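Novice: have a look at this prediction, sequence included:
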Amino acid sequence: MKTIYLATKNKGKIREFETFFSQFNYHVKSLLDLDNNIEIEETGLTFQENALIKARTLCKYINEPVLADDSGLEVRVLNNEPGVNSARYAGIHGNDELNNQKLLEKLRDYPNRREARFVCVLALVYPNGKEIIVEGDCHGIILNEKRGTNGFGYDPLFFIPELKKTYAELTSSEKMSISHRGKALKELEKVLMNDNNHRRI
């Protein structure tokens, strides 16, 4: 079984990548599996910059191909906040409850302007310097209260009108079929399958 390294400690993201790569017989490893406690500072101003920072840093450290994801929520009326700060919107990295509370407080004065999209940029970096970058997004609206118990982050607030469900009400396979990360992974798969030099990750 082949291995793909992920430059993340986010257990929710890791589960989604495991679901995707299992169909290709890949074993997923992440920063949680490495002995050293590697901290990568995300100083980029865009999702693409942060994805590349993470992938390049870990690739240089382990000298293996690395896939990094940078993703987040953009709310139109808030000038695309929280954006690249999605995971630390409330000031504490990865505190979903506080991040959701802050988002709802910010939207309190905009009851009818809740359009939003999730964005995901994937960067696959090879030790030889080759880099592949793909992107996916999913449009929806932000609810006034959380619905569903699946997923993580802003998933319970992100409602998809066509499905009449939030991300957190979808099964893993349902979410992967329409989500920003799922779409980005499909784009990555197309690139890899069409590039004879990179069919093996």
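Specialist: Cool, the structure landed.
Novice: I'd guessed residue 137 sits against residue 179; true?
Specialist: No - with contact defined as C-beta atoms under 8 Å, residue 137 does not count as touching residue 179 (9.3 Å). (C-beta placed from N, C-alpha, C; glycine too.)
Novice: what touches both of these two?
Specialist: Common contact partners of residue 137 and residue 179 (C-beta atoms under 8 Å, 6 or more residues apart in numbering): 118, 120.
Novice: between these two, which has more neighbouring residues?
Specialist: Using other C-beta atoms under 10 Å, the more surrounded residue of residue 137 and residue 179 is residue 179, with 25 against 16.
Novice: show me the contacts for that one.
Specialist: 16, 118, 120, 136, 138, 167.
Novice: kindly recompute the last result at 7 Å.
Specialist: For residue 179, the contact set (C-beta atoms under 7 Å, 6 or more residues apart in numbering) comprises 118, 138, 167.
Novice: ok, and what's touching the helix or strand of the chain with the lowest mean pLDDT?
Specialist: Least confident element among the helices and strands of the chain, by mean pLDDT, DSSP states H and E: helix 11-22 (a mean of 86). With C-beta under 7 Å, 6+ apart as the test, helix 11-22 has contacts from 4, 6, 8, 28, 30, 69, 151-153, 172, 176, 181, 185.
Novice: which one (most neighbours) among the contacts of residue 179?
Specialist: Counting neighbours by other C-beta under 10 Å, residue 167 leads the contacts of residue 179 with 27 neighbours.
Novice: list the contacts for residue 66?
Specialist: 5, 7, 55, 58, 59, 125.
Novice: by neighbour count, sort out the buried ones in the residues you listed.
Specialist: Buried members of the contacts of residue 66, counted by 16 or more other C-beta atoms under 10 Å: 5, 7, 55, 58, 59, 125.
Novice: which SS class is the fourth one?
Specialist: What that stands for is residue 58. Secondary structure, DSSP: H, G, I helix; E, B strand; the rest coil: residue 58 is helix.
Novice: and the pLDDT at it?
Specialist: On pLDDT, residue 58 comes in at 94.
Novice: gap between it and residue 4?
Specialist: 12 Å (C-beta to C-beta, to the nearest Å).
Novice: quick check: neighbours shared by those two?
Specialist: With C-beta under 7 Å, 6+ apart applied, the contact sets of residue 58 and residue 4 do not overlap.
Novice: returning to that earlier point: between the contacts of residue 66, which is nearest residue 108?
Specialist: For the contacts of residue 66, the minimum distance to residue 108 (C-beta to C-beta) is 35.6 Å, reached by residue 7.
Novice: quick one, strands of this structure?
Specialist: Under the criterion DSSP state E, the chain carries strands at the ranges 2-6, 26-30, 66-75, 81-82, 115-125, 131-142, 158-160, 165-166.
Novice: looking at these, which is buried most?
Specialist: strand 66-75 (a mean of 24; mean count of other C-beta atoms under 10 Å).
Novice: partner strands of it, with direction?
Specialist: strand 2-6 (parallel), strand 81-82 (antiparallel), strand 115-125 (antiparallel) (DSSP bridges).
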